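1. My questions concern the predicted model and sequence given below.
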Amino acid sequence: MVAELSRSDRERILYPALVTADLPGVGGRARCRPQDFRVVEIPAYAADGADHAHLLLTLEKTGWNTADAVIEVAKQLSLRSADIGVAGLKDRHAHTIQWISVPYTAHERVATFAHPDLKLGAPQPHRNKLRRGHLHGNSFDLVVRDLAVDVDEAVVRAGRCFEALTARHGMLNAFGDQRFGRDGANLDRGLALLRGGRARRRDQFLLSAGQSGLFNLYLARRAQAGQLRTVLAGDFLQKVETGGSFTCEDPDVDQARLDAGELCITGPIFGAKTRWPDPQSPAAQFELSVLAEAQISTDSLKSLGKNAPGARRPLAVFLDDASVEAAPAAEGLTAGIRVRFGLPSGSYASLVLREIMQPMA
């Protein structure tokens with residue numbers, strides 16, 4: 001019988017520690033209506049103008065998730081859903097603008113597309129089909145209502161939160177609890193698949209939940225050890241400016257660069273092809289200890305192959321252009337605060353909201 005995660009570890013995975021836990025939050029509710037949660041995708045590249053291949057265009061939607069919206073677009077353009085490329089998946093309970101690609105042969109039908117909740121932008125010729133992950137990040141415009149304090153005080157508190165996140169070198173780049181399903185059910189199933197070392201292609205979603213949970217556990221363990229911002233020999237470090245990575249050989253030198261904001265530490269998305277630190281290094285021993293705690297072997301991970309390849313992920317994430325202001329009442333909803341910020345691809349706006357709102361007693 002494999003031991004289950006302790007209740008405290010499940011809490012650490014599902015609800016990662018707050019960087020600004022020492023600051024007062026604003027309480028309140030987010031997503032009171034889709035228009036209060038606006039997301040604009042920032043593309044990784046511009047259309048290259050190559051004719052007769054594909055078209056890049058924006059998909060603007062309200063109250064639809066990406067998968068269902070793609071089905072509707074494909075239906076009206078006489079395409080298969082698989083013909084349409086997307087860079088990222090966007091939530092149903094939001095107003096979002098994201099990039100998609102369609103075959104060039106659909107260029108005339110794009111102009112006839114009509115739907116009350118979906119809008120297609122002007123198509124731009126491009127050489128390749130858009131693929132998952134081909135985005136730089138997302139820009140968020142979010143409103144929090146039903147505040148626990150008055151609006152003016154909430155603006156001040158949210159501003160202090162943003163200032164603290166900057167001064168403390170960002171927030172934890174954890175995975176949000178929505179990654180793990182209701183009550184963390186997908187977490188348990190994903191970890192079981194990782195332990196077993198066997199999975200089918202259709203299990204990739206659950207495997208990803210298990211991998212995400214292990215990353216959050218790794219984050220929690222480094223936080224408990226006081227090493228979230230302490231460079232260990234063997235750590236894979238990423239250059240903030242270019243994204244290039246390398247292995248730490250001299251912790252003293254790299255610690256100074258980390259403190260100066262030039263570098264960030266990365267942690268493992270455990271999988272078959274994860275880049276491992278030198279086996280004798282402190283960084284490797286730390287990563288292996290998390291796997292051992294979860295009773296997952298490296299052999300089990302290797303046997304998963306392309307179903308769970310693995311990767312490296314920065315431990316901290318930095319907000320771009322963060323701001324806060326008062327938001328007026330709307331549609332019978334109370335006044336609130338509007339927060340704006342940008343995040344890299346794969347980082348969670350819900351965790352930024354947790355920092356601002358804080359669990360209220």
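-> Everything's here; your move.

2. Grab the nearest non-local neighbour of Ala87.
-> Leaving aside its sequence neighbours, Ala87 sits nearest to Leu135 (CB to CB, 6 or more residues apart in numbering; 4.0 Å). (C-beta placed from N, C-alpha, C; glycine too.)

3. residues contacting the one you found?
-> With CB atoms under 8 Å, 6 or more residues apart in numbering as the criterion, the residues that contact Leu135 are 41-44, 87-88, 99, 345.

4. which among those gets closest to Glu72?
-> Among the contacts of Leu135, Trp99 lies closest to Glu72 (CB to CB), at 16.7 Å.

5. Tell me the predicted confidence for the closest one.
-> Confidence per residue is given as pLDDT, and for Trp99 that number is 98.

6. so how far is the helix or strand containing it off the chain centroid?
-> With secondary structure defined by DSSP states H and E, Trp99 is part of strand 95-103. Taking CA atoms, centre = their mean, to the nearest Å, the mean C-alpha location of strand 95-103 is offset from the chain mean by 18 Å.

7. what's the next secondary structure element after that strand?
-> Going C-terminal from strand 95-103, and assigning secondary structure by DSSP H and E, you next hit helix 107-110.

8. That following helix: which residues count as buried?
-> Taking 16 or more other CB atoms under 10 Å as the neighbour-count basis, helix 107-110 is seen to contain the buried residues 107, 110.

9. quick one: contacts of that helix?
-> Contacts to helix 107-110, defined as CB under 8 Å, 6+ apart, come from residues 55, 57, 76-78, 102, 120, 123.

10. Highest neighbour count among those residues?
-> Val102 (26 neighbours; other CB atoms under 10 Å).

11. Okay, it and Ser345: tell me how far apart.
-> As for Val102, its distance to Ser345 is 22 Å (criterion: CB to CB, to the nearest Å).

12. ok, now Arg195?
-> Per CB to CB, Arg195 is found 29 Å from Ser345.

13. list the contacts for Val240?
-> With contacts taken as CB under 8 Å, 6+ apart, Val240 has the following neighbours: 261-264, 318.

14. So among those, which ones count as buried?
-> Burial by neighbour count, judged by 16+ other CB under 10 Å, picks out 263-264, 318 from these.

15. residues of stretch 181-192 that come out buried?
-> Result for stretch 181-192 [16+ other CB under 10 Å]: buried residues 181, 184, 186-191.

16. Can you get me a residue count around Gln280?
-> In terms of burial, Gln280 registers 9 neighbours under the definition other CB under 10 Å.

17. that older thread, out of the buried residues of stretch 181-192, list just those in strands.
-> The subset of the buried residues of stretch 181-192 located in strands under the criterion DSSP state E is empty.

18. now the residues you listed as JSON lines including distance to Phe140 and pLDDT?
-> Compiled in JSON lines, these are given as follows (distance: CB to CB, whole Å; pLDDT from 0 to 100):
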{"residue": "Gly181", "distance to Phe140": "23", "pLDDT": "88"}
{"residue": "Gly184", "distance to Phe140": "25", "pLDDT": "89"}
{"residue": "Asn186", "distance to Phe140": "24", "pLDDT": "94"}
{"residue": "Leu187", "distance to Phe140": "25", "pLDDT": "94"}
{"residue": "Asp188", "distance to Phe140": "30", "pLDDT": "91"}
{"residue": "Arg189", "distance to Phe140": "30", "pLDDT": "93"}
{"residue": "Gly190", "distance to Phe140": "27", "pLDDT": "94"}
{"residue": "Leu191", "distance to Phe140": "30", "pLDDT": "94"}
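
19. Turn the residues you listed into CSV, columns for distance to Phe246.
-> Putting these into CSV (distance: CB to CB, whole Å) gives the following:
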residue, distance to Phe246
Gly181, 36
Gly184, 35
Asn186, 34
Leu187, 32
Asp188, 36
Arg189, 36
Gly190, 30
Leu191, 31
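
20. contacting residues for Ala209?
-> Counting by CB under 8 Å, 6+ apart, Ala209 touches 179-181, 186-187, 189-190.

21. To clarify, my last question referred to Pro282.
-> 232-234.

22. where exactly do the strands run in the stretch 151-300 of the chain?
-> Secondary structure of the stretch 151-300 of the chain, counting by DSSP state E, counting those that start in this stretch: strands at 171-172, 236-239, 245-247, 263-269.
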